[in-house]
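Visitor: dropping a prediction and its sequence here:
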Amino acid sequence: MNRIRFYSGEEIPVEMHKVRIVQKLSLLSVKERLKAVQDAGSNTFLLKNRDVYLDMLTDSGVNAMSDRQLAAMMEADDSYAGSETFARLEAKCTELFGTKYFLPAHQGRACEHILAKVFVKPGTIVPMNYHFTTTKAHIVLCGGSVVETPIDEAYRISSAYPFKGNMDIDKLRQVVEEHGASRIAFVRMEAGTNLIGGQPFSLDNLAEVKSLCGKHGIPLILDASLLADNLYFIKVREEKYRDWSIREIARRIADLCDIIYFSGRKLGCARGGGMMTSNAEYFKQIREFIPLYEGFLTYGGMSVREMEAIAVGLEETMELEMISHGPQFIAYMAEELIKRGIPVVTPPGGLGCHLDAREFLDHLPQEEYPAGALAAAVYIASGARGMERGTMSEQREPDGSERLADMELLRLALPRRVFTLSQVKYVVDRVSWLYENRRLVGGLKFVEEPETLRFFFGRLAPLSDWQEQLADKYMADLGEY
Ligand code: F0G
């Protein structure tokens with residue numbers, strides 16, 4: 001694959017693409033970065049991109065597109081109804097996943113909104129291998145609740161277990177027995193489980209989940225937003241499927257699920273999303289909502305150009321070289337950080353490299369948002385922006401108390417085919433400097449706290465002048481840049 005052993009013995013991942021369009025970046029001085037992060041309420045979501053050197057916030061909608069995708073965009077058919085573009089995308093989904101129907105929606109959370117409307121009634125339960133923020137919010141808005149039943153290993157930050165995204169079948173069975181199958185709206189499996197560090201499930205585990213769901217007549221819904229990474233990990237980590245092609249693995253996954261939905265901002269390296277199913281009844285129920293919330297059934301709120309790009313992007317996802325790039329760069333970054341003693345999620349997953357903020361900043365209590373503080377500190381130390389995935393990303397309990405997250409992670413996302421290895425090395429270096437100086441990093445408190453998804457727009461303030469102190473130390477050790 002893309003990992004090359006040098007004559008010296010060192011192994012590095014190499015890019016199997018060349019860069020043909022570039023975007024200019026700027027690197028602010030540390031004093032300017034200090035001001036920018038303070039203007040942004042210490043929330044990396046509120047930073048302006050022009051103030052960011054390496055945008056590692058997310059892989060969503062910022063993956064590099066291929067020349068083939070850009071070419072396909074020029075051929076898009078804009079007709080309101082019956083567009084050729086829709087037909088091409090639907091046919092690609094049928095070819096790759098064997099599904100009969102494709103229902104477009106403008107992005108992943110739009111699918112979640114509609115699926116919650118169709119399946120979730122007040123008092124129903126949705127068991128899943130792990131929640132995602134927007135998924136959970138939509139289920140709760142419809143009066144349902146989420147029960148997470150992953151294997152215990154999912155919560156272990158440092159582990160050698162290859163499939164931390166697996167469902168614990170016994171826990172799932174207990175939930176079904178306790179509540180009765182009629183109260184289970186659906187079971188959701190998330191590929192490349194985002195919030196535990198981009199961790200995959202195994203194909204055998206998915207088959208076991210399907211078998212249990214089938215026995216009780218419960219629909220199995222797959223969130224395939226991070227399917228590309230999960231496909232790669234099944235191929236390289238699940239012995240039984242080593243000789244299967246990516247195409248065969250993808251098809252087997254799809255055959256096990258009743259509905260598949262995805263964010264096209266991740267899967268397919270474009271923007272948009274959609275749902276696939278072969279079940280005519282589900283198709284009809286979901287279809288009711290598409291023109292109401294999204295757009296006509298042949299565009300679903302998406303630009304037809306993006307739909308063309310998704311069709312090509314899905315095809316490219318079947319190439320092992322293409323889907324190796326992200327996980328191999330992430331593994332490289334994680335290994336380099338581990339060599340320097342820095343705590344990261346292991347095994348390295350997809351999506352990004354995840355720093356363990358609770359361990360990194362073990363002097364901070366969770367109530368002071370260590371992952372949020374680390375996000376602000378990494379920005380000051382490097383100009384790279386990551387995303388808090390910890391207590392700030394949780395919603396308060398109904399009584400107003402904090403719900404402390406299972407994990408305090410700082411995600412440094414590696415959008416596919418975007419960054420070079422020298423940029424990754426730069427971040428490793430600055431994070432290492434920060435680790436040496438971690439005792440300078442203090443906590444944060446909310447000064448403006450929205451009720452829903454507070455991590456997006458919330459503003460925070462440092463609990464002391466630690467950010468100034470950190471910038472001063474940086475200047476003394478490294479200079480302005
Ligand atoms: N499901 C998963 C697993 C996701 O990671 C996301 C988005 C969504 C659903 C929602 O899709 O953004 O198209 O509406 N994750 C982004 C992230 C936001 O940065 O991890 P969307």
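Guide: Thanks, I have it.
Visitor: what sits closest to the one residue in the stretch 51-200 of the chain that gets nearest to the ligand if chain neighbours are left out?
Guide: The stretch 51-200 of the chain approaches the ligand most closely through residue 108 (2.2 Å), counting by Cβ to the nearest ligand atom. Backbone N, C-alpha and C define where each C-beta goes, glycine included. Using Cβ to Cβ, 6 or more residues apart in numbering and skipping residues adjacent in sequence, the residue nearest residue 108 is residue 263, 2.8 Å away.
Visitor: ok, what's across the strand from the one you found?
Guide: Per DSSP bridges, the residues bridged to residue 263 are residue 273.
Visitor: that one against residue 225, yeah?
Guide: Yes - with contacts counted by Cβ atoms under 8 Å, residue 263 reaches residue 225, the gap being 4.1 Å.
Visitor: who has more neighbours, the two?
Guide: residue 225 (30 against 27; other Cβ atoms under 10 Å).
Visitor: establish whether stretch 315-333 and the ligand are in contact.
Guide: No - using Cβ under 6 Å from any ligand atom, stretch 315-333 never reaches the ligand; the gap is at least 13.0 Å.
Visitor: okay, that stretch in CSV with CA atoms only?
Guide: Only the C-alpha atoms of stretch 315-333 are listed here, as CSV (Å, rounded to 0.1, in the frame of the first residue of the first chain):
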residue,chain,number,x,y,z
GLU,A,315,-16.5,5.1,-6.8
GLU,A,316,-13.0,6.4,-5.7
THR,A,317,-13.8,5.1,-2.2
MET,A,318,-13.5,1.6,-3.6
GLU,A,319,-9.8,2.1,-4.2
LEU,A,320,-7.6,0.9,-1.4
GLU,A,321,-4.9,3.5,-2.2
MET,A,322,-7.4,6.3,-1.8
ILE,A,323,-8.9,5.2,1.5
SER,A,324,-5.4,4.3,2.9
HIS,A,325,-4.2,7.9,2.8
GLY,A,326,-6.1,9.2,5.9
PRO,A,327,-5.6,6.3,8.3
GLN,A,328,-1.9,5.9,7.3
PHE,A,329,-1.2,9.6,7.9
ILE,A,330,-3.1,9.5,11.2
ALA,A,331,-1.1,6.4,12.2
TYR,A,332,2.1,8.2,11.4
MET,A,333,1.1,11.3,13.4
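Visitor: give me the buried positions along it.
Guide: For stretch 315-333, the neighbour count (16 or more other Cβ atoms under 10 Å) marks 315-318, 322-333 as buried.
Visitor: among these, name the ones in helices.
Guide: 315-316, 322-333 (DSSP state H).
Visitor: redo those as JSON lines? Include distance to residue 4.
Guide: Below are those laid out as JSON lines (distance: Cβ to Cβ, whole Å):
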{"residue": "315", "distance to residue 4": "26"}
{"residue": "316", "distance to residue 4": "22"}
{"residue": "322", "distance to residue 4": "17"}
{"residue": "323", "distance to residue 4": "18"}
{"residue": "324", "distance to residue 4": "12"}
{"residue": "325", "distance to residue 4": "13"}
{"residue": "326", "distance to residue 4": "17"}
{"residue": "327", "distance to residue 4": "16"}
{"residue": "328", "distance to residue 4": "10"}
{"residue": "329", "distance to residue 4": "13"}
{"residue": "330", "distance to residue 4": "17"}
{"residue": "331", "distance to residue 4": "14"}
{"residue": "332", "distance to residue 4": "11"}
{"residue": "333", "distance to residue 4": "17"}
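Visitor: switch those residues over to a markdown table; also include distance to residue 13 and pLDDT.
Guide: Shown next, in a markdown table, are these (distance: Cβ to Cβ, whole Å; pLDDT from 0 to 100):
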| residue | distance to residue 13 | pLDDT |
| --- | --- | --- |
| 315 | 23 | 98 |
| 316 | 18 | 98 |
| 322 | 13 | 95 |
| 323 | 13 | 97 |
| 324 | 8 | 96 |
| 325 | 7 | 95 |
| 326 | 10 | 96 |
| 327 | 9 | 97 |
| 328 | 4 | 97 |
| 329 | 6 | 97 |
| 330 | 9 | 98 |
| 331 | 8 | 97 |
| 332 | 5 | 97 |
| 333 | 10 | 98 |
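Visitor: got the contact list for the residue of the stretch 51-200 of the chain closest to the ligand?
Guide: 134, 223, 225, 261, 262, 263, 264, 265, 266, 273 (Cβ atoms under 8 Å, 6 or more residues apart in numbering).
Visitor: in this structure the second one contacts residue 132, no?
Guide: If I follow you right, that is residue 223. Yes - using Cβ under 8 Å, residue 223 makes contact with residue 132 at a distance of 6.8 Å.
Visitor: need the overlap of contacts for the two.
Guide: In contact with both residue 223 and residue 132: residue 190, using Cβ under 8 Å, 6+ apart.
Visitor: which one of those two is surrounded by more residues?
Guide: Set residue 223 next to residue 132 and count neighbours by other Cβ under 10 Å: residue 223 wins out with 28 against 22.
Visitor: any idea how far residue 257 is from the more buried one?
Guide: For residue 223, the distance to residue 257 equals 10 Å [Cβ to Cβ, to the nearest Å].
Visitor: shared neighbours of these two, which are they?
Guide: Both residue 223 and residue 257 are contacted by residue 189, under the criterion Cβ under 8 Å, 6+ apart.
Visitor: what's the closest non-adjacent residue to the spatially most central residue of the chain?
Guide: For the chain, the residue nearest the mean C-alpha position is residue 194 (4.3 Å; Cα atoms, centre = their mean). Once flanking residues are discounted, residue 194 sits nearest to residue 132: 5.5 Å by Cβ to Cβ, 6+ apart.
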